[in-house]
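K.L.:
need the 3D shape of this:
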Amino acid sequence: MWFQKLTDISALARSDTALKEALTHLARELGFDCFAYLNVRPVCTYAVSNYPPEWQSRYLDGNYTRVDPVVAKARARMQAFTWAAENPRQVRSKAVRTFYAEAGDFGIRSGISIPIRTAFGHMSMLTLASNKPSLSLETDIDQIAAVNAVALLHASLDHLNTEPTSARPIELTAKQALCLKWSAEGKSMRAIATIEAMSYATVNFHLNNARKALDAVSLAQATALATKMKLI
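P.N.:
Predicted structure coming up:
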């Protein structure tokens with residue numbers, strides 16, 4: 001029934017504000033404290049959530065998707081699952097222990113996560129979180145209903161062009177942006193060097209650093225990402 005309600009509000013919402021409010025009420029109706037929709041991409045990861053703003057900023061600014069055990073499990077399993085923070089004494093990784101401690105400080109100790117595969121090999125997931133140290137369900141999660149509901153939520157958020165409540169910031173230097181802009185205009189590195197009175201090595205240096213900042217595998221992908229994110 002809960003997943004049916006999620007499907008219904010996703011279909012009916014006419015604004016991102018209405019959808020966020022409905023998600024907040026729906027999470028509490030199920031006995032959870034908060035929700036988080038996370039769109040995980042190499043660069044432009046963003047969240048739509050009612051988690052405390054400080055935690056949202058800390059999570060994305062610190063690129064915690066790389067250490068979050070829930071995200072790792074979601075990528076590996078790609079099905080709905082329950083989770084709870086592990087005993088710090090049983091966690092070998094210092095980064096993960098720190099992550100659990102910080103999340104616990106904001107009342108995030110257990111929950112349900114439903115990951116889905118989105119376009120071009122990316123992943124989105126909906127998490128319902130609680131401050132309870134553990135979580136037990138009366139019935140098993142209906143995997144098909146869960147995935148279908150979150151897929152419709154993803155489509156609705158995308159259709160409504162929903163404003164993220166938090167996003168991982170990406171910044172380029174002035175020289176990186178300039179060289180990428182010329183690349184977007186179809187100029188080769190040698191042409192950019194001539195236009196901007198730089199050496200070929202300097203242009204290559206700036207473009208390579210821009211590619212790394214955008215976590216792109218090629219200059220073409222870096223240019224496309226920078227254009228899409230309105231960085232150039």
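K.L.:
run a quick neighbour tally on residue 160.
P.N.:
Neighbour count of residue 160, defined by other C-beta atoms under 10 Å: 17. All C-beta atoms are positioned from the backbone trio N, CA, C, and that covers glycine.
K.L.:
that one contacts residue 13, correct?
P.N.:
Yes. Look at residue 160 against residue 13 with C-beta atoms under 8 Å: they come within range, at 6.8 Å.
K.L.:
what helix or strand is the closest residue to residue 199 other than its chain neighbours on?
P.N.:
In this structure, residue 199 finds its nearest non-sequential neighbour in residue 193, 6.1 Å apart by C-beta to C-beta, 6 or more residues apart in numbering. Using DSSP states H and E, residue 193 falls within helix 189-195.
K.L.:
what's that helix packed up against?
P.N.:
With contacts defined as 3 or more C-beta pairs under 8 Å, 6 or more residues apart in numbering; DSSP states H and E, the packing partners of helix 189-195 are helix 174-184, helix 200-213.
K.L.:
which of the ones you listed sits most buried?
P.N.:
Across the helices and strands packed on helix 189-195, averaging neighbours per residue (mean count of other C-beta atoms under 10 Å) puts helix 174-184 on top, at a mean of 20.
K.L.:
sorry, back to before: which residues do residue 160 and residue 13 both contact?
P.N.:
residue 19 (C-beta atoms under 8 Å, 6 or more residues apart in numbering).
K.L.:
lowest-pLDDT helix or strand in this protein?
P.N.:
strand 166-167 (a mean of 83; mean pLDDT, DSSP states H and E).
K.L.:
which stretches of this protein have low pLDDT?
P.N.:
88 (pLDDT under 70).
K.L.:
quick one: the strands in it, in order.
P.N.:
Using DSSP state E, the strands of the chain run over 34-40, 46-49, 81-84, 110-117, 123-130, 166-167.
K.L.:
list the contacts of the top helix by length along the chain.
P.N.:
Taking DSSP state H as the criterion, the chain has its longest helix at helix 143-159. With C-beta under 8 Å, 6+ apart as the test, helix 143-159 has contacts from 3-4, 6-7, 10-11, 13, 16, 19, 37, 39, 48, 79-80, 114-116, 118, 124-126.
K.L.:
same check on stretch 79-93?
P.N.:
So stretch 79-93 is contacted by 67, 69-70, 73-74, 97, 100-101, 103-104, 109-115, 133-135, 137, 141, 143, 146-147 (C-beta under 8 Å, 6+ apart).
K.L.:
chain center to that stretch, what's the gap?
P.N.:
The chain centre lies 20 Å from the centre of stretch 79-93; the measure is C-alpha atoms, centre = their mean, to the nearest Å.
K.L.:
now it: buried residues?
P.N.:
Going by neighbour count (16 or more other C-beta atoms under 10 Å), the buried part of stretch 79-93 is 80, 81, 83, 84, 85, 91.
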